[in-house]
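In: Task: produce atomic coordinates for the following.
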Amino acid sequence: MANTKSAEKAARQAEKHRARNVALRSRMRTAVRSVTAAIAGGDKSAARGHYQRAVPVIDSLVSKQIIHRNKAARHKSRLAARIRAMA
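Out: Purely as a prediction, here's the structure:
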């Protein structure tokens, strides 16, 4: 438990930040999942559309330092490669 006023405030802020970060990570995972589902469905144009909407979501998490830039690049690269490989 926090022993000082500043530690109590830091604990409150940490909980708020954690809730926000969880929500943002969830939004990213949902965006990636929608691209993956479109790829699995075989609809290349839908996959491209979902990918175009997923990229800014992924990039925004990098700018907020919620995920590492290399992780974001890896996600985007793998999704793009899977879309390119579609017939």
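In: only C-alpha atoms for contact and neighbour calcs from this point on.
Out: Will do.
In: Could you count how many residues lie near Ala31?
Out: 21 (other CA atoms under 10 Å).
In: In terms of helices and strands, where is the residue nearest to it when sequence neighbours are not counted?
Out: Excluding its sequence neighbours, the residue lying closest to Ala31 (CA to CA, 6 or more residues apart in numbering) is Ala54, at 5.1 Å. Here Ala54 sits within helix 44-63, counting by DSSP states H and E.
In: Tell me which other helices or strands that helix touches.
Out: helix 5-41, helix 69-84 (3 or more CA pairs under 8 Å, 6 or more residues apart in numbering; DSSP states H and E).
In: and the first one with helix 69-84, angle?
Out: With axes from the mean of the first three to the mean of the last three CA atoms, to 10 degrees as the basis, helix 5-41 and helix 69-84 are set at 10 degrees to each other.
In: buried sites along helix 5-41?
Out: Using 16 or more other CA atoms under 10 Å as the test for burial, helix 5-41 gives Asn21, Leu24, Arg25, Arg27, Met28, Ala31, Val32, Ser34, Val35, Thr36, Ala38, Ile39.
In: same question, the shortest one
Out: When burial is assessed from 16+ other CA under 10 Å, helix 69-84 yields the following buried residues: Ala72, Lys76, Leu79, Ala80, Ile83.
In: Taking those, tell me the two that lie furthest apart.
Out: Distance extremes for those: the farthest pair is Ala72 and Ile83 at 16.7 Å, using CA to CA.
In: most centrally placed residue in this structure?
Out: Nearest to the geometric centre of the chain sits Met28, at 2.5 Å (CA atoms, centre = their mean).
In: related to what we said a few turns ago, of the buried residues of helix 69-84, just say which sits nearest to Leu61.
Out: For these, the nearest to Leu61 is Ala72 (8.4 Å; CA to CA).
In: so how far is Ala31 from the closest one?
Out: Shown here: Ala72 relative to Ala31, a distance of 12 Å by CA to CA, to the nearest Å.
In: For Ala2, what is the enclosing helix or strand?
Out: Applying DSSP H and E, one finds Ala2 in no helix or strand.
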